[in-house]
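Student: need coordinates for the following:
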Amino acid sequence: MKTTLSVTALLFIALLATGFMQTSIDTTIVRETTVDSLGACQGASYQKGRIFLYGDREVGMIREYKWQKDSLVYTNKEYKLTQNGQDVIGHPTGIAFNGGTKVFIGNSIRLNKEGTKWKAVIYQVNWTGLQKTGMLDGNIISTIDDDACIQGTRPEYVKYNHKWYVATADYGNKGNEVRLYDPEKLAHCTKTSEPGVLYKKFTCTPWVQNLHWVSDKGILVLIQNQIEGRKWRLTYVDLKKSIDAGSIQIIKQIDIDSRIDELEGFTFINDHKGIAVTSSRKNNVNYTNTSW
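Tutor: As a prediction, this is how the structure comes out:
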């Protein structure tokens with residue numbers, strides 16, 4: 001009995017040391033569907049009863065849907081991320097929206113085929129104006145070079161110590177971080193390396209495609225691949241503990257091995273139901289259920 005207790009205690013200590021503590025959270029795919037006209041879908045954003053799916057079709061674009069009878073229904077509203085007819089946000093990788101006026105959209109640009117050089121840009125946009133006109137013309141407030149990043153940008157609002165920040169993360173497998181930017185300073189800078197823009201950061205695991213904030217639980221979901229460009233992983237993270245520790249503090253890591261394609265985005269639409277999107281042409285929009 002003493003030996004058993006000792007081994008159990010050592011395992012518990014090891015889990016605490018790595019910031020990895022499994023709980024009863026579980027996310028499963030309920031239904032797989034195919035939604036057209038998205039190109040390679042890059043993410044999903046739930047806002048005030050509407051779901052925005054964004055992708056890189058012939059140009060970067062966003063399509064708006066409503067939730068009806070457990071399914072997405074297209075509202076016939078599409079927003080092209082172009083200016084003067086030219087593609088601007090060609091590879092959208094995140095929409096940071098918290099109900100306020102400062103809305104940011106990420107654009108991650110691969111500069112070489114090896115994927116070792118990236119240009120990451122965050123656009124502050126007039127979100128209401130974009131929805132009215134369907135284009136970026138006159139709706140780009142500022143353009144920010146995310147030069148504090150390591151590989152790509154994927155903005156998402158999070159709350160830490162009762163204040164909103166814009167979080168982003170890296171995709172690669174070296175030096176990955178989740179970074180928190182001060183939204184006021186972000187809105188008035190030209191690059192994220194300027195003093196005061198970066199507020200806090202912590203190291204994280206590889207292949208982060210997107211982020212999703214679960215406000216009422218204080219949980220940041222890292223939407224990931226298990227290997228580069230393949231296989232699904234959702235990592236539920238205690239944001240406050242991770243920031244305070246400077247390294248990721250995992251509540252639960254869920255690998256969905258039934259899918260080997262490239263998971264790109266995820267959003268909850270209520271406490272249990274969610275939508276996971278991939279860049280595939282088939283089964284690119286998937287309905288999920290999460291038990292807590």
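Student: show me the contacts for residue 149.
Tutor: With Cβ atoms under 8 Å, 6 or more residues apart in numbering as the criterion, the residues that contact residue 149 are 118, 120, 168, 170, 179, 192. No exception for glycine: its C-beta is placed from N, CA and C like everyone else's.
Student: rerun at 10 Å
Tutor: Contacts for residue 149 (Cβ atoms under 10 Å, 6 or more residues apart in numbering) come out as 106, 108, 118-122, 168-171, 177, 179, 192-193.
Student: tell me the two of these that are most distant?
Tutor: Across these, no pair lies farther apart than 171 and 193, at 19.0 Å, counting by Cβ to Cβ.
Student: how many residues are close by the closest residue to residue 227 other than its chain neighbours?
Tutor: Of all residues not flanking residue 227 in the chain, residue 207 sits nearest, at 7.1 Å (Cβ to Cβ, 6 or more residues apart in numbering). Using other Cβ atoms under 10 Å, residue 207 has 22 neighbouring residues.
Student: ok, now residue 97?
Tutor: For residue 97, which is what you asked about, the neighbour count (other Cβ under 10 Å) is 19.
Student: that one and residue 145, how far apart?
Tutor: Here residue 97 is placed at a distance of 21 Å from residue 145 (Cβ to Cβ, to the nearest Å).
Student: state the mean pLDDT of stretch 217-230.
Tutor: Within the predicted structure, the mean pLDDT of stretch 217-230 is 97.
Student: that older thread, closest to residue 253 out of the contacts of residue 149?
Tutor: Within the set of the contacts of residue 149, residue 169 lies nearest residue 253; the separation is 15.2 Å, counting by Cβ to Cβ.
Student: look up phi and psi at the residue nearest to residue 227.
Tutor: According to degrees, to the nearest 10, the main-chain angles of residue 207 amount to phi 60, psi 50.
Student: who's in contact with residue 254?
Tutor: For residue 254, counting by Cβ under 10 Å, 6+ apart, the contacting residues are 22, 25-28, 221, 232-236, 290.
Student: how about the helix or strand it falls within as PDB, C-alpha atoms only?
Tutor: Taking DSSP states H and E as the definition, one finds residue 254 inside strand 250-256. Below are the C-alpha coordinates for strand 250-256, written out as PDB (Å, rounded to 0.1, in the frame of the first residue of the first chain):
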ATOM      1  CA  ILE A 250      -3.100  22.300 -19.700                       C
ATOM      2  CA  ILE A 251      -6.500  21.400 -18.300                       C
ATOM      3  CA  LYS A 252      -7.300  18.800 -21.000                       C
ATOM      4  CA  GLN A 253      -5.800  17.800 -24.300                       C
ATOM      5  CA  ILE A 254      -8.200  16.100 -26.700                       C
ATOM      6  CA  ASP A 255      -7.000  14.300 -29.900                       C
ATOM      7  CA  ILE A 256      -9.700  13.400 -32.400                       C
END
